[in-house]
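Visitor: the following block contains a protein sequence and its predicted model.
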Amino acid sequence: MQRLYDFIRRHPTSVDSFWAVMLLGMSAASAAGAFDGHGVSAGICIFVLSLVVALRRRFPEWMLLTAIAVGLVQVALDIQPNLADFAMLVIVYTVAANGARWASRLALGGSLLAATISQLRWPVDKAPGAAAPIAYAVFLTIPFLLAWVLGDSLRTRRAYFAQLEERATRLEKEREAQSKVAVAAERARIARELHDVVAHNVSVMVVQADGAAYVMDASPDQAKQALETISTTGRQALAEMRRLLGVLRTGEQQEAGEYVPQPDVQQIEDLVEQVRTAGLTVDFKIEGTARPLPSGVELTAYRIVQEALTNTRKHGGPEVGASVRLVYFDDGLGLLVEDDGRGAAHEMYEDGGADGQGHGLIGMRERVGMVGGTLDAGPRPGGGFRISALLPLKPAH
């Protein structure tokens, strides 16, 4: 049964042609000898109406006009209605379901007039003023109207399902777009994290390596301490990189030991101590009452201090000193990182920090924006560089 249904759907014209042949045969058999003086014309009309049924789905508008023309010829030549006129019901349904809107309206108008015209030309009761022709006209109009209503309902239902499919397709595309945006945002976050981790830790390792090479012969103990700092810093960097890159490994089982917690405000003191060990003088103070903060705020605060101290080492010049202030407010956390060195070049903080060599300040602004905070970065009066940030406890809407 399913195969038959599939064949009908794949070959609609073949199926229509079969029914057209059946209609032609039955019409010819029932009309044999019934059209005195108009046999040829009646035969042509029957053939054309059968052709209308065969081609109704390929050319619905043209077949409607053809059926109307045949009907007018029948009226003009006094060829009485016959079985082949059933094709008019079929074409009315077809045009209402599949044809153009103008053709559907024309079919509706023809449906309302066909039976009336038929009774005016061939009344069932010759008596003038009789009610039989009117009743018969109304009776014959009902099938035409039902055919049109059925076809129009099918058109409406088909349009509704098409709209549902279009909506489903659009929602699927929107979901794909949202997934791509989420992936891009996650990659940007990982890029920022990697930038901060690599820039800070590699900077510390370079400074320690240079110091170790300088004092290797004169002070082996200091060189040994510098090498130990390099080793510790490298391990920390690898641990953080494993945590960041682990999110990219889909479908793999990761050992819990490969992951480390995200940095928070409490680890800023350890960060400052690490920087001091690398040879940078840092004054660190906490003001206000320390308390737990949202993880996003804590990570942002840690990365801002980390990036600021990294830039101080890279651009602050010799004998540079820095200060870090953490201020706990009732509704947020304030950060102030300053150095007294020669400061970065003007291009370092112009246009949001795009200097063509790094994206440190751009990353800071993005991080602060993600938690709804504000950031101010620029040179200090009299020399040096200042970074000030305010991170609210709740993102601004």
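Guide: All right, it came through fine. Residues are numbered from 1 along each chain as shown.
Visitor: from now on I want contacts and neighbour counts done on CA atoms only, so please keep to that.
Guide: Noted.
Visitor: so who does residue 156 touch?
Guide: Residue 156 makes contact with no residue, according to C-alpha atoms under 8 Å, 6 or more residues apart in numbering.
Visitor: so residue 88, which of the three states?
Guide: Here residue 88 takes the helix state, with states given by DSSP: H, G, I helix; E, B strand; the rest coil.
Visitor: how close does it sit to residue 383?
Guide: 94 Å (C-alpha to C-alpha, to the nearest Å).
Visitor: compare those two (neighbour count), which wins?
Guide: Using other C-alpha atoms under 10 Å as the criterion, residue 88 and residue 383 rank with residue 88 on top: 27 against 14.
Visitor: mind listing what the more buried one touches?
Guide: Shown in contact with residue 88 (C-alpha under 8 Å, 6+ apart): 49, 64, 67.
Visitor: tell me the confidence at residue 191?
Guide: Note on residue 191: pLDDT of 67.
Visitor: which strand or helix spans residue 325?
Guide: Following DSSP states H and E, one finds residue 325 within strand 321-328.
Visitor: cool, residue 232 as well?
Guide: Taking DSSP H and E as the criterion, the element that holds residue 232 is helix 220-246.
Visitor: show me what that helix is packed against.
Guide: Applying 3 or more C-alpha pairs under 8 Å, 6 or more residues apart in numbering; DSSP states H and E, one finds that helix 220-246 contacts helix 132-215.
Visitor: let's go with 10 Å and repeat that
Guide: Helices and strands touching helix 220-246, by 3 or more C-alpha pairs under 10 Å, 6 or more residues apart in numbering; DSSP states H and E, are helix 132-215, helix 268-277.
Visitor: and those helices, which one averages the lowest pLDDT?
Guide: With a mean of 80, helix 132-215 has the lowest mean pLDDT of these.
Visitor: how far out from the middle of the chain is it?
Guide: The chain centre lies 3 Å from the centre of helix 132-215; the measure is C-alpha atoms, centre = their mean, to the nearest Å.
Visitor: what is the mean pLDDT for stretch 106-121?
Guide: Averaging pLDDT along stretch 106-121 yields 87.
Visitor: now do the buried residues in that stretch.
Guide: Within stretch 106-121, the residues scored as buried using 16 or more other C-alpha atoms under 10 Å are 106, 107, 108, 110, 111, 112, 114, 115, 116, 117, 118, 119.
Visitor: repeat for stretch 63-79
Guide: Within stretch 63-79, the residues that qualify as buried are 63, 64, 65, 66, 67, 68, 70, 71, 74, 75, 79, counting by 16+ other C-alpha under 10 Å.
Visitor: stretch 328-341 now?
Guide: Residues 328, 329, 333, 334, 335, 336, 337, 338, 339, 340, 341 are the ones in stretch 328-341 that count as buried (16+ other C-alpha under 10 Å).
Visitor: wait, doesn't the second one sit right on residue 286?
Guide: No. Counting by C-alpha atoms under 10 Å, no contact exists between residue 329 and residue 286, whose distance comes to 11.4 Å.
Visitor: give me the below-cutoff pLDDT ranges for the chain.
Guide: Residues of the chain that meet the criterion pLDDT under 70 lie in 1-2, 5, 32-38, 125-131, 183, 186-187, 189-200, 239-261, 342-359, 394-397.
Visitor: which residue is nearest the middle of it?
Guide: residue 174 (1.7 Å; C-alpha atoms, centre = their mean).
Visitor: any idea how far it is from residue 162?
Guide: Residue 174 is 18 Å from residue 162, by C-alpha to C-alpha.
Visitor: ok, now residue 57?
Guide: Per C-alpha to C-alpha, residue 57 is found 19 Å from residue 162.
Visitor: between those two, which has more neighbouring residues?
Guide: More crowded of residue 57 and residue 162, by other C-alpha under 10 Å: residue 57, with 19 against 12.
Visitor: give the helix, strand or coil label for the more buried one.
Guide: Residue 57 ends up coil, using three-state DSSP.
Visitor: wait, what's in contact with it?
Guide: By C-alpha atoms under 10 Å, 6 or more residues apart in numbering, residue 57 lies in contact with 12, 13, 16, 63, 91, 94, 95, 97, 98, 99.
Visitor: and which of those residues is nearest residue 151?
Guide: Closest approach between these and residue 151, by C-alpha to C-alpha: residue 97, at 4.1 Å.
Visitor: from residue 61, how far out is that closest one?
Guide: Look at residue 97 and residue 61: by C-alpha to C-alpha, they are 11 Å apart.
Visitor: list residues touching both of the two?
Guide: By the contact definition C-alpha under 10 Å, 6+ apart, residue 97 and residue 61 are jointly contacted by 91, 104.
Visitor: now do the contacts for residue 89.
Guide: Contacts of residue 89 (C-alpha under 10 Å, 6+ apart): 53, 67, 107, 111, 143, 144, 145, 146, 147, 148.
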